[in-house]
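J.: the following block contains a protein sequence and its predicted model.
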Amino acid sequence: MTDLDESLLTLAKVGEVARGDLDGAVLEHAGLVEDQDLSSLSFVENTLQADGRTFGKTSLGSEVLTTFETAAAQEAVRSGDASLASSIVGITEQDLQANEFSYTLDLIERVRNNDAPLFLVGFGLPNTGKTGHVLYDWHRAWQAQYPDGISVSNAEVRTFDHTITSLEELVQFCLDNPDVQKFVFVDEGSTHFDARTNSHEIASQFSPFSKRFAKLSVDFATIGHTIKDVHPELKRQATTFFHKSEKTQVQFFEDYQDDDLVDPVFPDPVDGLEKPPAGLYDPDDWSPLTFDLDPDRLMTP
């Protein structure tokens with residue numbers, strides 16, 4: 001076990017003790033509150049414990065601790081503080097696997113992308129969980145980074161804010177909200193970004209739009225069946241690729257060469273992905289997208 005693993009494990013135990021999962025004398029707000037609030041909450045909690053009660057089990061205490069935990073979790077995600085995250089969630093020895101931590105932190109780091117737009121392109125055969133992976137794993141990481149952001153897709157997604165099926169409508173929405181961070185997911189990328197059938201539309205309409213993602217505060221994701229399906233223009237702009245061979249497994253890549261994904265982020269695929277909740281999206285949704293943007297539209301906003 002590395003020094004980082006041991007440190008995380010120790011902090012995880014603190015979190016478990018605070019929640020009462022292990023024996024110990026740590027109060028349940030440990031590690032969650034600012035120094036100026038620590039003594040006041042500790043006094044209240046010790047008083048309740050003297051009567052055999054727990055602060056977190058009261059209605060007020062539950063709301064207070066949830067608020068503190070949410071704020072602490074948000075800070076852990078924003079700062080990449082794995083130790084704080086570990087203490088909050090209470091990771092045990094069985095849960096502490098290097099690839100899981102690397103996977104989660106890498107998603108967050110790639111969402112940040114050094115303050116440049118995320119451009120995610122994924123591949124995999126039908127029914128391998130590509131859409132669910134984007135909507136559940138990537139979108140949740142993005143929401144943690146941008147809790148006030150807006151999510152848009154051409155698919156009907158329960159956790160998204162808008163469904164837009166026209167490129168003109170999408171561009172207008174982005175022009176109207178240039179300073180709000182946006183997550184744009186185009187489902188059925190094999191159809192809409194097909195290099196053989198929509199080459200002209202991609203070059204004349206989508207490409208001028210995508211080159212303004214930074215100015216319009218857009219993070220983007222799409223998926224296709226094979227790397228051959230998607231237009232080279234999208235692959236050139238991609239910041240991360242992924243491949244899904246099955247629903248519980250994914251592998252990330254830095255780049256592509258010819259018809260292959262190259263430079264894997266991890267030496268092996270990440271296994272044991274959590275299943276997205278039922279009803280997150282309709283797998284039978286056609287997810288249409290109309291290329292109806294005036295080629296001069298972005299020149300004269």
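T.: Alright, I've got the coordinates. Numbering: from 1, shown residues only.

J.: please make it C-alpha for all contacts and neighbour counts, starting now.
T.: OK.

J.: would you list the phi and psi of Ser204?
T.: phi -90, psi -20 (degrees, to the nearest 10).

J.: my bad, Trp138
T.: phi -70, psi -40.

J.: so what's it scoring on pLDDT?
T.: With respect to pLDDT, Trp138 scores 95.

J.: what's the burial count for it?
T.: 20 (other CA atoms under 10 Å).

J.: so what's it closest to, chain neighbours aside?
T.: Distance criterion CA to CA, 6 or more residues apart in numbering; nearest residue to Trp138, sequence neighbours excluded, is Leu107 at 6.7 Å.

J.: how much space between the one you found and His139?
T.: Separation of Leu107 from His139 (CA to CA, to the nearest Å): 10 Å.

J.: and this structure, what are its domains?
T.: Listed domain ranges for the chain are 3-96, 112-299 (source: automatic domain parsing).

J.: lowest mean pLDDT across those, which one is that?
T.: Among the domains of the chain, domain 3-96 carries the lowest mean pLDDT, a mean of 48.

J.: about what we covered before: quick check: phi and psi on the residue nearest to Trp138?
T.: The phi/psi pair for Leu107 (degrees, to the nearest 10) is phi -60, psi -50.

J.: that one touches Ala141, doesn't it?
T.: Yes: counting by CA atoms under 8 Å, Ala141 is a contact partner of Leu107 at 6.5 Å.

J.: the two - which one has more neighbours?
T.: When neighbours are counted by other CA under 10 Å, Leu107 and Ala141 differ, and Ala141 comes out ahead with 23 against 20.

J.: nearest residue to that one other than its sequence neighbours?
T.: Residue nearest to Ala141 in three dimensions, not counting chain neighbours: Ile108, with 5.6 Å by CA to CA, 6+ apart.

J.: can you classify the one you found as helix, strand or coil?
T.: Three-state call for Ile108 (DSSP: H, G, I helix; E, B strand; the rest coil): helix.

J.: tell me how many other residues surround the nearest residue to Asn177 once chain neighbours are set aside.
T.: Leaving out its chain neighbours, the residue that sits closest to Asn177 by CA to CA, 6+ apart is Leu216, at 7.6 Å. When neighbours are counted by other CA under 10 Å, Leu216 registers 22.

J.: so who does Leu216 touch?
T.: 174-175, 177-179 (CA atoms under 8 Å, 6 or more residues apart in numbering).

J.: just Phe253 next, same as before
T.: Shown in contact with Phe253 (CA under 8 Å, 6+ apart): 240-242, 261-265.

J.: can you pick the most crowded of those?
T.: When neighbours are counted by other CA under 10 Å, Phe241 leads the contacts of Phe253 with 26 neighbours.

J.: in the sheet, who's paired with it?
T.: Val121, Phe253 (DSSP bridges).

J.: can you give me the helices for the stretch 101-250 of the chain?
T.: Read by DSSP state H, counting those that start in this stretch, the stretch 101-250 of the chain holds these helices, from start to end of the chain: 130-132, 139-145, 167-176, 189-192, 199-201, 207-210, 213-216, 232-237.
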